[in-house]
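A.B. asks: Here's a sequence, model it:
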Amino acid sequence: STLEGWNFVDVSTLTIDTAFGNPGFGIEIRDRSSVLSQAIAPAKFYGDWTALLDSGYLSFDLNIDNRSNGALLDKSYFVRLSGNGAVAEVRPPDSILTLAIGQWYTFNFLIDSSVWTMQSGTWDSLITSVQEVRLELEFIAGNEKASFDNFCLVPKVSPTTRVDAW
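C.D. replies: Next up is the predicted model:
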């Protein structure tokens, strides 16, 4: 499924929610049974990210519906960057992931090699040519939906930007 340049894999339905975004117009993603739903960012977010190094952020808002009271899934990543033969992943601690259950939470990931785990290749080769940004928005067993909004690349931190320190 595609929506506004985003590609969604292993989802049952996508809806533009005009009332429930952060604020308004978020994407509601309902998952398929027994698979992990994924969102792949549009090409406008690809390319050379060297201007973001050490002070820029990948940021988005997420709200997870956990009416099923499912447990957190054990998986390797929440966000994966790939390009130039390199792959880097990030997965915040469970204590941070749970902040998005039942409420909007803004995730901020510093574009710095100390935050990301390299799975292959080098950070320097990846950051000069990001060719895919993939998110596994489902991280609770049996959850019904995830609401997603405000994905962006933030060039540098302003004094009013909240930054998670984990």
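A.B. asks: Model confidence score at the residue nearest the centre of the chain, please.
C.D. replies: With distances taken as CA atoms, centre = their mean, residue 135 lies nearest the centre of the chain, 4.3 Å away. You'll see residue 135 listed with a pLDDT of 94.
A.B. asks: One more: the one 5 residues further on?
C.D. replies: Per-residue confidence for residue 140 comes out at a pLDDT of 77.
A.B. asks: So what pairs up with it in the strands?
C.D. replies: For residue 140, the beta-bridge partners are residue 72 (DSSP bridges).
A.B. asks: Could you find the closest non-adjacent residue to the residue nearest to the centre of the chain?
C.D. replies: Counting by CB to CB, 6 or more residues apart in numbering, residue 135 lies nearest to residue 39, which is 4.6 Å off, once chain neighbours are set aside. (C-beta placed from N, C-alpha, C; glycine too.)
A.B. asks: That neighbour contacts residue 149, correct?
C.D. replies: No - assessed by CB atoms under 8 Å, residue 39 is found out of contact with residue 149, at 11.6 Å.
A.B. asks: quick one, which of those two is more surrounded?
C.D. replies: residue 39 (24 against 20; other CB atoms under 10 Å).
A.B. asks: list the contacts for the more buried one?
C.D. replies: 6-9, 29, 134-135, 137, 148 (CB atoms under 8 Å, 6 or more residues apart in numbering).
A.B. asks: if you set the cut-off to 10 Å instead, what comes out?
C.D. replies: 3, 6-9, 11, 14, 27, 29, 60, 79, 133-138, 146, 148, 151 (CB atoms under 10 Å, 6 or more residues apart in numbering).
A.B. asks: again, but for residue 128
C.D. replies: 47-50, 83-84, 86, 122.
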